[in-house]
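Novice: The amino acid sequence is not available; the structure is as follows:
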């Protein structure tokens, strides 16, 4: 693998694990470079005094599982090249 592909593939693992464990904070979005979406998830969790956090957590869990179940090539094409930002 070239260096760029292995770097993008390592983002898959980091984003997937963060999405599953702390998805309500949007960390997985920041890892992929989707700062606006990460800020939205973080603010929904914080500004609703935690009421929105379970919903953002479920979204993060689903996205994390989706990241980890894709092959490296599918992940790179979907989230790095085509920039699919939500689910």
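Specialist: Structure received. It should be emphasised that the depicted structure is a prediction, and the values quoted were computed from it without experimental measurement.
Novice: Now do the helices in this protein.
Specialist: In the chain, the segments counted as helices under DSSP state H are 3-22, 27-31, 35-47, 53-69, 72-75.
Novice: Please identify the most buried of these.
Specialist: helix 27-31 (a mean of 22; mean count of other C-beta atoms under 10 Å). All C-beta atoms are positioned from the backbone trio N, CA, C, and that covers glycine.
Novice: neighbouring contacts of it?
Specialist: Residues outside helix 27-31 that contact it (C-beta atoms under 8 Å, 6 or more residues apart in numbering): 11, 14-16, 18-19, 35, 37-38, 41, 60, 63-64, 67, 85.
Novice: and the spatially closest residue to residue 66 that is not a sequence neighbour, what pLDDT?
Specialist: Nearest residue to residue 66, sequence neighbours excluded (C-beta to C-beta, 6 or more residues apart in numbering): residue 87, at 7.1 Å. At residue 87, the model reports a pLDDT of 85.
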